[in-house]
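S.K.: structure, please.
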Amino acid sequence: MVEPESGPGWLPPLTLLAVTAVFGWTFVVIKDVLTEYPVLPYLGLRFGVALLVLALALHRWPTLVSWRVALPVGVVLALGYLFQTEGMVTIKPGIAGLLTGLFVVFTPLVDRLIFHTHLRIKTVLSVVAALCGTFLLTGAGRGFSVGDLLVVVSALAFAIQIVLLSRARQSPLELGLVQMLVCAVLFLCLGTTSGVPYPPVSGSVAFALLVTGVLASALAVLAQTWAQQKMSASRAGLLLAAEPALALAFAAVLTGERLDWLQLAGALVLMAAILGHEISFSNGSAPAL
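M.R.: Numbering: from 1, shown residues only. Below you'll find the model as predicted:
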């Protein structure tokens with residue numbers, strides 16, 4: 001059964017699509033900033049900015065229960081961003097976006113492993129197809145690199161974060177604030193203790209912090225929470241599943257990134273697996289294992 005939607009019919013999906021587009025855009029923005037700024041200092045500043053904006057928006061600190069629930073989730077989220085950003089140092093933004101999209105098919109597998117939920121047959125088929133697409137996109141052509149592996153691991157971390165939050169009943173905004181705080185503290189501490197210098201913030205770095213810290217981290221939490229409360233989960237999942245395609249589109253338009261025929265075939269198979277998985281969940285017709 002699909003949950004009823006409320007409020008203006010066009011505004012929630014349009015908001016969520018805008019959030020997804022920002023997520024796709026950030027792959028190009030992050031790739032650019034990493035050419036002049038180290039990973040750990042950048043991540044520390046990004047989530048420090050996000051924490052400040054989100055704290056100002058909420059005007060309160062989370063409850064003790066929210067802290068207890070969100071602290072481990074924040075650690076998992078931080079690991080996801082660390083692996084993803086380190087991986088993006090050596091691979092193209094479009095490919096990074098496609099590999100990050102694996103979180104869509106990883107999520108039900110993680111849910112099965114942690115909480116023993118039913119696993120749909122179509123999910124298994126989607127995972128197999130996604131792995132085949134990943135092989136064509138990376139290993140079959142240029143070789144599966146360390147950067148590819150790091151981004152795939154980050155997708156797994158994002159899937160774990162989604163599964164853990166799916167069982168939380170606290171305020172999504174309070175949970176989001178704690179996660180931003182955990183990420184900011186961890187990255188600032190790691191950046192300081194590792195001896196990596198904090199270079200001066202140039203105009204391009206400041207722009208990247210605006211996009212990734214304010215738009216893609218802080219404001220995206222607020223907008224995504226509001227939009228998903230106004231629409232069905234299945235419809236929201238389909239819109240969020242467009243992130244890999246949008247990342248590739250932004251990379252093609254803004255950086256001229258191109259895929260060869262083998263990589264293009266892999267990208268199409270991977271996107272078909274992601275979208276096919278979300279569609280199968282939206283109609284609810286697939287049997288479970």
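
S.K.: quick one: contacts of stretch 59-71?
M.R.: 168, 170-171, 174-175, 177-179, 182 (CB atoms under 8 Å, 6 or more residues apart in numbering). Just so you know, the C-beta spots here come from the backbone N, C-alpha and C atoms, and that holds for glycine as well.

S.K.: go through those and flag which are in helices.
M.R.: 174-175, 177-179, 182 (DSSP state H).

S.K.: now do stretch 98-118, average pLDDT.
M.R.: Stretch 98-118 comes out with an average pLDDT of 87.

S.K.: list the buried residues for the longest helix along the chain?
M.R.: When the chain is scanned for its longest helix (criterion: DSSP H), the result is helix 64-88. Of the residues in helix 64-88, those scored as buried under the neighbour-count criterion (16 or more other CB atoms under 10 Å) are 66-67, 69-70, 73-88.

S.K.: how far does it sit from the chain's center?
M.R.: Relative to its parent chain, helix 64-88 has a centroid offset of 12 Å by CA atoms, centre = their mean, to the nearest Å.

S.K.: for the chain, what spans make up the helices?
M.R.: Using DSSP H, helices in the chain cover 11-33, 39-58, 64-88, 93-100, 103-115, 121-134, 146-166, 172-193, 203-209, 220-229, 233-240, 243-255, 261-283.

S.K.: by mean pLDDT, show me the worst of those helices.
M.R.: Mean pLDDT values for these show the minimum at helix 233-240, a mean of 66.

S.K.: still on that earlier bit, among the helices of the chain, which is the most enclosed?
M.R.: By mean neighbour count, with neighbours taken as mean count of other CB atoms under 10 Å, helix 93-100 ranks first of the helices of the chain at a mean of 28.

S.K.: relative to helix 121-134, how tilted is that helix?
M.R.: Angle between the axes of helix 93-100 and helix 121-134 is 150 degrees (criterion: axes from the mean of the first three to the mean of the last three CA atoms, to 10 degrees).

S.K.: helix 93-100 packs against which elements?
M.R.: With contacts defined as 3 or more CB pairs under 8 Å, 6 or more residues apart in numbering; DSSP states H and E, the packing partners of helix 93-100 are helix 11-33, helix 64-88, helix 146-166, helix 243-255, helix 261-283.

S.K.: right, and the ones you listed - which one's nearest P200?
M.R.: Comparing these by their distance to P200 (CB to CB), the top pick is helix 11-33, with 13.4 Å.

S.K.: can you give me the angle the closest one makes with helix 243-255?
M.R.: Going by the same axes, to 10 degrees, helix 11-33 makes 50 degrees with helix 243-255.

S.K.: distance from the chain centre to helix 11-33, please.
M.R.: In terms of CA atoms, centre = their mean, the centre of helix 11-33 is set 10 Å apart from its chain centre.

S.K.: do the same with stretch 97-106
M.R.: Relative to the chain's own centre, stretch 97-106 is displaced by 8 Å; criterion: CA atoms, centre = their mean.

S.K.: with stretch 240-249 instead?
M.R.: 11 Å.

S.K.: again with stretch 86-100
M.R.: With CA atoms, centre = their mean as the basis, stretch 86-100 stands 12 Å off its chain's centre.

S.K.: cheers, nothing more for now.
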